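> Provide a 3D model corresponding to the input given below.
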Amino acid sequence: PLHRLEDAWQRDGVTIDRGTMSRWLGDVGALLNETVLAAAKQYALRTSFCCNTDATGVSVQPLKGDMKKKQPCRRGHFFVQLFDKAHAFFEYVPRETSDAVKSLMAGYTGYVQADAKSVYDILYRGDDDEDDVCVEVGCWAHARRKYWEAAIAGSPVAREALLRIQRIFEADDKLKGLEPDVRKRLREERVRPYVEAFFEW
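Now for the predicted structure:
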């Protein structure tokens with residue numbers, strides 16, 4: 001934290017306030033964002049097999065203007081994108097729209113795991129003149145949530161679905177920490193039968 005640096009430098013006879021250090025960090029962040037991070041993001045988009053993504057809403061304070069007039073906070077969104085567990089990016093957009101998602105994922109054609117919000121649909125259908133179409137990967141946790149809501153309402157079918165999904169989770173949980181090729185082989189042997197049985201049911 002900058003206040004510790006400020007105190008340490010003052011003990012050495014150097015006076016640099018936190019505001020100055022904040023501006024330095026802003027300049028360094030802008031430089032890194034335009035160079036190193038931009039290159040890392042382009043590399044991830046070009047080479048990654050899969051991406052997990054989600055957005056979180058945040059309140060954004062209004063800029064100081066007319067102090068007599070109170071202004072409400074605006075709502076913005078931070079997207080987190082995890083590419084192959086090797087790259088993690090946090091990017092802010094003022095509005096969570098399909099255009100924003102398309103811009104954040106421009107050039108990517110791998111697998112995408114996201115919630116079922118309609119803003120992600122543009123990644124899976126593409127445009128007529130584009131080849132950048134991603135493969136949608138469903139999320140068992142999101143699917144499970146709807147069965148949970150139905151089970152609370154008393155549906156015996158939903159309760160059975162929850163039990164079947166729990167078997168899938170338990171079988172997969174036993175494979176954590178294994179090497180990727182071993183885990184894939186064991187998933188085919190031990191988890192796939194439960195998944196196929198779910199869809200046959």
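
> secondary structure class of the residue most central in space within the chain, three-state.
By Cα atoms, centre = their mean, the mean C-alpha position of the chain lies nearest to Thr53, the distance being 2.7 Å. Following DSSP: H, G, I helix; E, B strand; the rest coil, the label given to Thr53 is strand.

> residues in contact with stretch 23-33: which ones?
Leu2 (Cβ atoms under 8 Å, 6 or more residues apart in numbering). Bear in mind the C-beta positions are built from the backbone N, C-alpha and C, glycine included.

> next one: that stretch to chain centre, how far?
Offset of stretch 23-33 from its chain centre (Cα atoms, centre = their mean, to the nearest Å): 23 Å.

> can you map out the helices along the protein?
2-11, 18-34, 36-47, 98-104, 121-125, 140-152, 156-173, 180-186, 192-200 (DSSP state H).

> mind putting these into CSV with mean pLDDT?
What follows is the helices of the chain, written out as CSV (pLDDT from 0 to 100):
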stretch, mean pLDDT
helix 2-11, 87
helix 18-34, 83
helix 36-47, 90
helix 98-104, 93
helix 121-125, 89
helix 140-152, 90
helix 156-173, 95
helix 180-186, 93
helix 192-200, 95
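
> so which of those comes closest to Phe89?
helix 36-47 (5.9 Å; Cβ to Cβ).

> quick revisit: let me know which of the helices of the chain is the nearest to Lys69.
From the helices of the chain, taking Cβ to Cβ, the stretch that ends up closest is helix 18-34, at 26.3 Å.

> follow-up on the earlier one: isn't the residue nearest to the centre of the chain right next to Val112, touching?
Yes - the criterion here is Cβ atoms under 8 Å, and Thr53 meets it with Val112 at 6.6 Å.
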